[in-house]
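Enquirer: Generate a structure from the sequence data that follows.
(4 chains)
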There are 2 protein chains.
Amino acid sequence: MTNPAPSPPPQKPARKGALRPALLAAARTLLDRDGADAVTIRAVARACGVSHAAPANHFADRRSLLTALAAELFADLAEAMENALAGAPQNPANKGSGTARLTAFAEALVAYGLAHPERYRLLWRRDLLDGEDAALQGTMDRLYARLLEELSALPLPAGKDPETAAVGLWSLCHGYVSMRLDGNFIARRDKESRAPRHSAMIANYLAALAPPAHPA
Amino acid sequence: MTNPAPSPPPQKPARKGALRPALLAAARTLLDRDGADAVTIRAVARACGVSHAAPANHFADRRSLLTALAAELFADLAEAMENALAGAPQNPANKGSGTARLTAFAEALVAYGLAHPERYRLLWRRDLLDGEDAALQGTMDRLYARLLEELSALPLPAGKDPETAAVGLWSLCHGYVSMRLDGNFIARRDKESRAPRHSAMIANYLAALAPPAHPA
DNA sequence: CAGACATTATTGACACTGTCAATATACATG
DNA sequence: CATGTATATTGACAGTGTCAATAATGTCTG
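Expert: All right, here's what the predicted structure looks like:
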């Protein structure tokens, strides 16, 4: 099946078996520009210069196309968060606030959401995606496991388990980003011009999770 | 579009000038049963036994219909949260953690979301609603102001302002409910059969906000 | 009361969507 | 070359929101 391209891929009418990635790229562009609603089978086909039914050979239906796109986006997000972790100080021996890595993790999540609104929104549009998709679930589970791993390496106070802390941190970030993106009341009071509120919010949450050695 | 569900039961032709409330009631039923996607102008009209263009006299377009419905739902939510506040102990001037009222507030929000998934989801579907609608914005703003009021009555530790605390608490609850409803990874680990995690989560957050009376 | 007006409901149409069926083209392998 | 598989095209259908023209209903005025 895999053949070396006999001629360079010049234009939208992509050669050989290159329609599938072209469709995904077009879908991503449409998503960023006009939101998930604009990512229709026919619009994607038009953007690739093929007939309206051509995508059916690569994606069974619209849900399948959006799911594949979301899996790509989730992988991007996971990479961004992994990079953030790599740039954070290694946690262990140094006691006290080992929350620098968690801060980096949470900040990266929020930053991705605010930087790519439509992409972030799509990730959670369960009505548009196939929640049973293996690729999608796998990336999500790995990301959550990563957070749990970081949290488990932290000495938590008695009565606080890593699972609840992980769910809380993720909920905090996800809720904040969602309401910012949806333009609801939080957004009207939390302009970008101010110092970013989410940083203080995250810091507060993490400080409570692992209070510094000398509480004020 | 796929047509999964059997058609809703045809209803009585609402006489007189009572079509508008009938449309809203039908929309609410459709929403609860099949989600926001199922709330189409034509389906609502069918449910009320009128022609497909009859609703146009009461709602300019689909967005207008859904916005009116969402305003109703937001009022319901506000009422539920107000009731929860009424049942909570009045802010005790005597001492210590006056977070009981905030706990009631947050628990009521989460309870509403988990009890009425489709209604809660619609509240934040900005792509389906008119964010500039006065009724919708008014109810939302009043609810947020109420939370801020409760938080401002609380003696916060230095370095923590009510605004950030309010945004954090709301984000925490909203994020948790969203991910539970969307069936994402949190839901797969946070079954109803266990003790509800959100209670511990909320308690942890509020405890950090106003630490108990015995400081170091 | 009768006529004029405003509100509301109906019918029909258009463009758009997802999806299916039948067809046509290309490619690869025997 | 012939055959067969993968892919692309055309055409159709049901469903949707929304508009225009029409009809029916009520209400108010003179």
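
Enquirer: mind checking which helix or strand A:Val110 is in?
Expert: In the assignment (DSSP states H and E), A:Val110 maps to helix A:100-115.

Enquirer: swap in A:Asn83?
Expert: helix A:62-87.

Enquirer: near DNA strand C at all, that helix?
Expert: Yes - using CB under 7 Å from any atom of the strand, helix A:62-87 reaches DNA strand C at A:62-63. C-beta here means a position set from N, CA and C on the backbone, and glycine is covered the same way.

Enquirer: Okay, angle between that helix and helix A:100-115 too, please.
Expert: Going by axes from the mean of the first three to the mean of the last three CA atoms, to 10 degrees, helix A:62-87 is angled at 140 degrees with respect to helix A:100-115.

Enquirer: which element follows the helix-or-strand element of chain A with minimal mean pLDDT toward the C-terminus?
Expert: Ranked by mean pLDDT, DSSP states H and E, the helix or strand of chain A with the weakest confidence is helix A:185-189, at a mean of 63. Using DSSP H and E, the helix or strand that follows helix A:185-189 in sequence is helix A:197-209.

Enquirer: Look up the closest residue to the spatially most central residue of chain A, ignoring the ones flanking it.
Expert: Nearest to the mean C-alpha position of chain A, by CA atoms, centre = their mean, lies A:Leu77 at 4.0 Å. When the adjacent residues along the chain are set aside, A:Leu77 lies closest to A:Tyr112, with 5.3 Å between them (CB to CB, 6 or more residues apart in numbering or on different chains).

Enquirer: mind listing what the one you found touches?
Expert: Taking CB atoms under 8 Å, 6 or more residues apart in numbering or on different chains, we find A:Tyr112 in contact with A:76-77, A:80-81, A:119-120.

Enquirer: Filter the residues you listed down to the buried ones and hand me the PyMOL line.
Expert: Remark: buried members of the contacts of A:Tyr112, expressed as a PyMOL selection using 16 or more other CB atoms under 10 Å in any protein chain shown:
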select buried, chain A and resi 77+80+81+119+120
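
Enquirer: As TSV, the contacts of A:Tyr112 with distance to B:Pro21 and pLDDT would be great.
Expert: Shown next, in TSV, are those (distance: CB to CB, whole Å; pLDDT from 0 to 100):
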residue	distance to B:Pro21	pLDDT
A:Asp76	47	97
A:Leu77	44	97
A:Ala80	48	97
A:Met81	48	96
A:Arg119	40	98
A:Tyr120	37	97
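
Enquirer: Double-check A:Arg20 against A:His58; I have them as touching.
Expert: Yes - if you go by CB atoms under 8 Å, A:Arg20 and A:His58 touch, sitting 4.3 Å apart.

Enquirer: so what are the domain limits for chain A?
Expert: In the domain annotation for chain A, the residue ranges read A:19-57, A:62-209 (automatic domain parsing).

Enquirer: what about the last one, near DNA strand D?
Expert: No - under the criterion of CB under 7 Å from any atom of the strand, domain A:62-209 makes no contact with DNA strand D; the nearest approach is 13.0 Å.
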